[in-house]
Structure formats: C-alpha cells, structure tokens
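Peer 1: I would like the atomic coordinates for the input below:
(2 chains)
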Amino acid sequence: MATITINDKAYQVDADPSMPLLWAIRDIVGLTGTKYGCGKGLCGACTVLLDGQAIRSCLTPVSEADGKKVVTIEGVDKENKVLQEVWEDINVPQCGYCQSGQLISAVALLKQNSNPSDEDIDSAMSGNICRCGTYHRIRQAIHKTAELTNTKSE
Amino acid sequence: MSSIQIISRRSFIRSLGLASGGLIIACNFPSSDDKEGASKIIPFNGSSFEPNLFIQLKDNGELVLLASRSEMGNGVRTSLTSVIADEMDADWKMVSVKQATGDVKFMDQNTDGSRSIRQLFEPMRKMGATARAMLVSAAATKWQVDAASLKTENHYVINPATDEKLFYGDLVKEAAEVEIPENPVLKNPKDFNYIGKKLKSIDGADFTSGKAKYGMDIKLDNMHYAAVARSPVTFGTVKSFNKDAALKIAGVTDIIELPRIATPFGPLGGIAVIANNTWAAFKGKEALEIEWDNGSNESYTSESYDKMILANVKKKGKEVRNDGNVNSAFNKANHIVESEFQMPHLVHAPMEVPNATAWVHDGKCEVWAPVQDPQTARKDVSDYLETDKENVTINVTLLGGGFGRKSKPDFVVEAVALSKAVNAPVQVVWTREDDIQHSYYHTVSAQYMKASLYADGNVTGWLHRVAYPSITSTFAPDTGYGAGFEFGMGMTNIPYQIDNVRCENGKAPAHLRIGWYRSVINIPQAFSINVFVDELAAKAEKDPLQFRLDLIGEDRIEKSESGYHFDSSKLKNVLTKVAKNAGYGKKLPEGHGMGLAVHYSFLSYIATAIEVSVIDGKLKVHNIHSVIDCGTAVNLDTVESQMQGAAVFGLSLAFYGKITAKDGIIEQSNYHDYQVLRMSETPNIAIEIIQSSEKPTGVGEPGVPVIAPALINAIYNATGKRYYKLPLMDEGLV
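Peer 2: The predicted structure follows:
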C-alpha cells in the first residue's frame, strides 16, 4: 500500500509497487486526465509533477511516488491558473488529448524559468508530442503567460 | 438537404399511443448508407422547446445543441453548433453541446473526407432559422403584432416599435404551439454573429482541466480491461498458445481467443487478456506464448516490394486518362524530363490509441468509443451480435485524434465480443505498439512522370503513372489496381492546361489493410506533381511561381456534377497571395531557399511557401506560409488551427514518415522509430484564409498535401539538389 498525495489529497493506493504511476492514477485512483500515449516515455502525454518535477508517469513505478506529492492536470489550476486561462483563451488544444501533459510540462518550465526564450521552450517541451500539431500555439501560450505573470509581479 | 416536416399531431399521437403531446414534428434526412426511415418524433415535454433533432431550448433559456459529427481536433462540436446558434440569434453563452449517438436519423455521421461543414452548413442554418421563426411567431402572437415587424438579438425577440423584449426561455411553451415554417428565412451573411468569426472551442475548459472524456476515460462498475495479442503478419491466425504465464500475472483474470472476422472493419482476431487494470492486461499480453500461422502475407517485404512497384510504373500501365496524343508531343519536344517518386506506408498514430468500452447485457449492447463513424460501428456491432440496430447504442466520446484511423471500428467489435464472452463491461485498449503494427495503413506508392517542353518553356505532353495498393482492397477482392476516386485526388484532375495528358496505373497488390489517412492519396500525387513542375520550371529556366501560374493557365470554371466547380482563378489567387505573404523573390540568407506548392483537394484551394536552410548538410525549416480558399470559413480560428496542424502533419511525414514490413511484420513499433514532429522542429507558421461567402469546402485535410513538395522545392532552391523519395531522414538531412 502506497500513500500518495495527489492534488493535495492523500490516497492509499493498493497497487503492485511496480505498476507505473500512470495506471495507478487512472485505473485505481480514477483520475483520468493523465493520458496514456506510448508507455515508453516517448510522448509526454502522461506527464505529472512528482514533488514539483515533471516526470513521465508511464515509466515511474508507484513505489517511487510513495509518500510524495503528485500534481496532475486536475490540479493544474492551483499550480498556474494564468497558464490554464491563457491556454484556453488562445484556443491551443485541437483534439486535446496530449494537452494534459503539455500543460504540466509548461507549468514545470515556468516554475524554473519565468521568462523562457523560444529555445528554452523548445528544449523543455520537446518531450511532449502533439499529433494535431498545436506546437505553434503552445509556444505562444507560454510566452503570453510569462508576459502576464511578470507584469503582475512587477 | 434536410427537410423539416409538420406531421399531423393527432395522427402521430394516435399511432404512437402518446397520452399528451405538445409539439410533435418529424425531421427527415436522406441517409447515404441506410434507407430506413430517418425520422424522429419529438413530443413537447412541458419545459423545453425542441423544434427539431438538433435543438432543445429550455424554459430557463439554456440551449442544448446537438453535434452529429465526431470531435477529433477538427473543432466540429463548436463550428456546427455555432451555425445553428447564429441563425437562431442565440446567446452563445447559453449554449451547451450534446454529442449524438450513432443513428441514421442524424444523416450521415461519418466524420471524414473534410466534409462535415460542407454537408451540414445549410441544414444547420435551416435548423436554427426554423427555431428562430417559431420564437418570433410566438412573440408576435403574444404582442398581437405582425411577426415581420419583429427582430431577434442575443436570445431575445425584440419589438422595435415599442422596445419591448421577450426572452427566448419565456417563449418556449408558445413557440412549441407554432406551426413549423417550411422555408424559414435565412440570415443575410453580413448579419452573422458567429459564422466567419473566431470562436473558442466549446470544450476548451474541459481540455485544459482534465475533464474532457475520451474513450479510455470511461469507467463503469465491474469494468474489465483487455489487451489483445494480434498476429504480427496481417491476417495470420493462432496455431497454438500457452496462457499459463499470463494467468500468473497479478490482476489477470481470463484469457480468451478472439476469432478474426473477415469483414472490412472486422477485428483481426488473436488472444485477449482480461484483467482488472490496464497495466495487468498489457503485461499479460506480453507473457502470452503464441505460435502463429502467418498466412500468405508473410511474403511481404518492403525492400523488394517497393522495387517491384517502381518497375511497374516504368512500363505501360492501365490507362485512366488520355487526352490528345502524348507520344506525338514527346516526339516533337525540345526537352524531355522524367522522374520517379517513392513514398512508404504511413500510419496515423493519433495520441489516443484505438480503444473501446462495451457492455453487452439483457439483449442490449452499449458502447462508448472514440469513433469517426458511429453508424458503421453500430452496424458492425449489430451484425456481430445478430441483433437489431435498435438494441445497440454507440456513445461517441471525444477522439484523441483520428486522422482516418478511427473511421474503422475494428476495435469496437473487439470490445463487444469480449464483453459478451465475460458477461461484464470490457474496455479494450491497444498499446502504442498495437496501433503502429496493426493499423489500416496509408498506402505505399511509386510514381513515374514524363513531360515534354518546347523551347519556349511550354509543357506540351504529360505522362503520369502511379502504382499503389488501393483502399478498395480493404472492401473487395484485391485487383492490384487503384480506383477512380483515388486517381481523382490530384492526378487525373491536375489543374494545369496541357494539351496532351495521359495517366496510367501500374499493378500493386495489397499485403496490409489499406485505409484512409488525412488527405489520402492526394499526399503522394500532390507531392510528385508539385516537385515535377518545379523541375520542369528549372529545365525551362523559368521562375517556379510564374511557371506554375502559366501552367494553371487562363481563368476558367471546370464544371463538376457535385455542384462544386473548379475555378482556376482561385488557385492562382492563393498561389499569388502565398508568394506575397512569404516574401517570395526576396534575397534570402546564405544557405536558405524557398519552395512553393499548390493543390486543389476536398474542393478547397491551397498554396504553401516554405523557407528552409540547409547548412552543413542539416535541414532547418524556418517559415511556412499557407493560404486557403475554403469558401465560407465558419470558424476562422478552427480553419487557422487546422492549417497550422496540417503543416506540422505534413512536415512529420516528409521528415520521418515510414512504415515498412519485413517478412510481413511491421518494423516500426512506437514513437522512437515512427517519429513525428516535435516542438523544436516546428517553424513559424502563418495562415491566410481567403474571405469568401461561397459554400464552405474542405478544411481538415487539404493543408497537408502541399507541405512535402514545397519543402523539397525549398531544399532544391537552397542547395540545387532535388529529392524524389520520402522520408528525408533516410537522406541524412534531418
């Protein structure tokens, strides 16, 4: 039994310790916003924050999350509400499926770098595939969020 | 075209045995694939007004609009319903969208062919206008004034003479008593509030908060999860298997053999692992020991096959178009240019793998699945269960991408078969490896082109030969030859004025399931034609832009039975505009080059200009400009995003797209060896949408085919080297 805090709520997760966190979150805890895309850490659809770090939950066993804090897309509003609003406002998603992972990766990027350049964005976001091809707008949304956040805090 | 008919209320109440009525109408649509009565009777229920299948107005003003096509990133849930809301003069903030289940009463629901808006624009306008007219009529009766003197605005009927207003929600009861107008007046396009503007996705908040529900997000009580091991070689069968190791995995509850169903969208069959979570099902599948009988497709190896079809386009093939006399033109020519083109199979690889949830119980079957074509899913499921379609409900979830893959519901029938077998709800989930290795593939192709030029640069003769396994092989015994609809995607309908044209088809038997893929056979045909025209321009020592404009030729309308006529001036217009937007002709930095491509597909006109650099042998794409003329653009934001996405999709296939087989087995398995474009490789993308009030035409697909040839032409412009074979990763450029 692992104790995992997901979006500020503690869950007792009764799962094989080697089960990837992705499937524990989806099939056992029942939060379905985190997505399966490849199962090999290649596409980023399953990205969540584990103690603040963006990780691929399809490769991270439940045992590694025991006693730690996880943030999924369902908790992204508490992490970066501005980003979420800008994302919706710019109408970034097309099919929307990869966007949970994209948003979490963007949250992690903006935590470390409040004013990322195009190159910073490319290197932080290139682990997240979008088959619909929304990259152009993702880049726009991250810049816009940085701009709004930095103006507010000045 | 839809027709909304008033049915005698009394006769219907009688025939249906309804005790109470209110408004009862029928809404008839012609159905392309099913002739059963496509009508629906909707009684007024006392608190809402339902003038037709697509509209429910509640007495609190809430407006529930129905989306009959699938949402897969195409924005259709927003665009279709915004058309109804616009004609109704409804307040968009009051709108929510309900997804239609698969049912012929909604007309054709197959979301493919870039035709949702094209087919439904007028019917949806009429739906909205009907409701509006009935609300106006109800207000007129209340006020005792002439309906023609009233106007509507943002969910209100207004009497301009008195400035009185009536809220739509307060008119529900009276409106339901109004006779349905046969020919409601449609808006003047200049009065549109939503059509032709930018509208955010109705699902935007769900997409950004994890609330959006895709197929795999369905959870039912006592639901089992399943993974299926399928034959590595297409249509292979199970010879023997050992399930002991799989059954030892914690969470695995059952192993079931699934037979193949030999219909176009029938499951491939194999061994299914049933478990109490997805991961256990995946692990169980890996632990299965299966001996396969590979069958005849074991002979399929891309390396030798590709050579074979290339040889087949170098000799005379079946004639599919012949105008003038190509041979005579070739004999009289000053220059002859010949080239060969090759593209491999491609796979859609939508981010959401194929999956479906089914529950067969008590003589009924309910399905939740991300399907592009829920009516076909319903038919295949009812055929499988040998039951009436009425007993089968197909709930359409959001699709995590489709691109053509999810118009084939083989995965749905798998879930149904397994639910029936275990007598519980079952969710089948394909692994990414399953998706890459057991799809309905975009076809592999070889092409040969030959043209003659006079000394003045005029193209006098044009020979185009293609060989590719046909989509028709999925539906009928394979002849090894293509079909007219495939040749008509760019080849036999080239937009160029050339006197002598011959198109031929060489043999190419299918060894995989061949299916639609975003833009279908336009992709290879637009590729070869656009690269070849650039090559002809170089040979003629002409500027590629002017050469193309000259080749498109004089302004003319080419009539089509579809009612959508090809207009050469529109094609020249998008090309001229894109050249201007991209700064075509300006001096570019060292190592840079710009290339053009233009194509007419899905009734839309597209041109693209791409700027690249090739420095130290490495390709970088800097800018993509595209211009589309798609008639009325219902949602400008969606058209723009579809075109941006199409540019990325096109670059993906040009850079990396390659599915190959060896001894019948697909050699790629996941995103590491079937790569798609990533953020760092994505250039600036700028889209212009031509303003038009003509009938809407295709948007989802036509942005794709122009990308690869414009890229090749840009590389030529930068380096002087021309590539004829995709993907470019094989050339070491990316």
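Peer 1: Quick check: phi and psi on the residue of the stretch 51-200 of chain B found nearest chain A?
Peer 2: Here the stretch 51-200 of chain B gets closest to chain A at one residue, residue B:73, 3.3 Å apart by Cβ to the nearest Cβ. (Glycine included, C-beta is placed from N, CA and C.) Dihedral angles phi and psi of residue B:73 (degrees, to the nearest 10) take the values phi 110, psi -10.
Peer 1: Hmm, it is touching residue B:645, no?
Peer 2: Yes - judged on Cβ atoms under 8 Å, residue B:73 makes contact with residue B:645 at a distance of 7.1 Å.
Peer 1: And the spatially closest residue to residue B:555 that is not a sequence neighbour, what's its pLDDT?
Peer 2: Ranked by Cβ to Cβ, 6 or more residues apart in numbering or on different chains and with sequence neighbours excluded, the top spatial neighbour of residue B:555 is residue B:569, at 4.4 Å. At residue B:569, the pLDDT value in this model is 98.
Peer 1: Now do the contacts for the residue in chain B that chain A sits nearest to.
Peer 2: In chain B, no residue comes nearer to chain A than residue B:210, which is 2.2 Å away by Cβ to the nearest Cβ. Taking Cβ atoms under 8 Å, 6 or more residues apart in numbering or on different chains, we find residue B:210 in contact with A:31-34, A:72-74, A:76, A:100.
Peer 1: where's it, which helix or strand?
Peer 2: For residue B:210, there is no helix or strand it lies in under DSSP states H and E.
Peer 1: can you tell me which residues contact the closest residue to chain B within chain A?
Peer 2: Closest residue of chain A to chain B, Cβ to the nearest Cβ: residue A:33 (2.2 Å). The contact partners of residue A:33, by Cβ under 8 Å, 6+ apart, come to A:72-74, A:100, B:209-212.
Peer 1: and if you look at residue A:45?
Peer 2: Listed by Cβ under 8 Å, 6+ apart, the contact set of residue A:45 reads A:35-38, A:97-98, A:100-101, A:128-129, B:351.
Peer 1: can you check residue B:78 too?
Peer 2: B:97, B:199-203, B:635, B:638.
Peer 1: so what's it closest to, chain neighbours aside?
Peer 2: Leaving aside its sequence neighbours, residue B:78 sits nearest to residue B:202 (Cβ to Cβ, 6+ apart; 4.6 Å).
Peer 1: so that neighbour makes contact with residue B:79?
Peer 2: No - assessed by Cβ under 8 Å, residue B:202 is found out of contact with residue B:79, at 9.6 Å.
Peer 1: Comparing these two, which shows the higher neighbour count?
Peer 2: Set residue B:202 next to residue B:79 and count neighbours by other Cβ atoms under 10 Å in any protein chain shown: residue B:79 wins out with 29 against 20.
Peer 1: Validate this expectation: that one resides in a helix.
Peer 2: Yes - counting by DSSP: H, G, I helix; E, B strand; the rest coil, residue B:79 is part of a helix.
Peer 1: about what we covered before: same list, the contacts of residue A:33, but as JSON lines with distance to residue B:679 and pLDDT please.
Peer 2: Formatted as JSON lines, these follow (distance: Cβ to Cβ, whole Å; pLDDT from 0 to 100):
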{"residue": "A:72", "distance to residue B:679": "22", "pLDDT": "98"}
{"residue": "A:73", "distance to residue B:679": "19", "pLDDT": "98"}
{"residue": "A:74", "distance to residue B:679": "24", "pLDDT": "98"}
{"residue": "A:100", "distance to residue B:679": "16", "pLDDT": "98"}
{"residue": "B:209", "distance to residue B:679": "22", "pLDDT": "98"}
{"residue": "B:210", "distance to residue B:679": "21", "pLDDT": "98"}
{"residue": "B:211", "distance to residue B:679": "25", "pLDDT": "98"}
{"residue": "B:212", "distance to residue B:679": "22", "pLDDT": "98"}
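Peer 1: Any chance of a PyMOL selection covering the buried ones in those?
Peer 2: Only the buried entries of those go into this PyMOL selection, using 16 or more other Cβ atoms under 10 Å in any protein chain shown:
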select buried, (chain A and resi 72+73+74+100) or (chain B and resi 209+210+212)
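Peer 1: what's near enough to touch residue A:102?
Peer 2: Taking Cβ under 8 Å, 6+ apart, we find residue A:102 in contact with A:44, A:47, A:92, A:125, A:128, A:130, A:134, A:138.
Peer 1: who touches the second one in this structure?
Peer 2: Each residue near residue A:47 by Cβ under 8 Å, 6+ apart is listed here: A:34, A:54-57, A:100-102, A:104-105, A:127-128.
Peer 1: Mind checking which of those land in strands?
Peer 2: In this view, the contacts of residue A:47 that belong to strands under DSSP state E are A:54-56.
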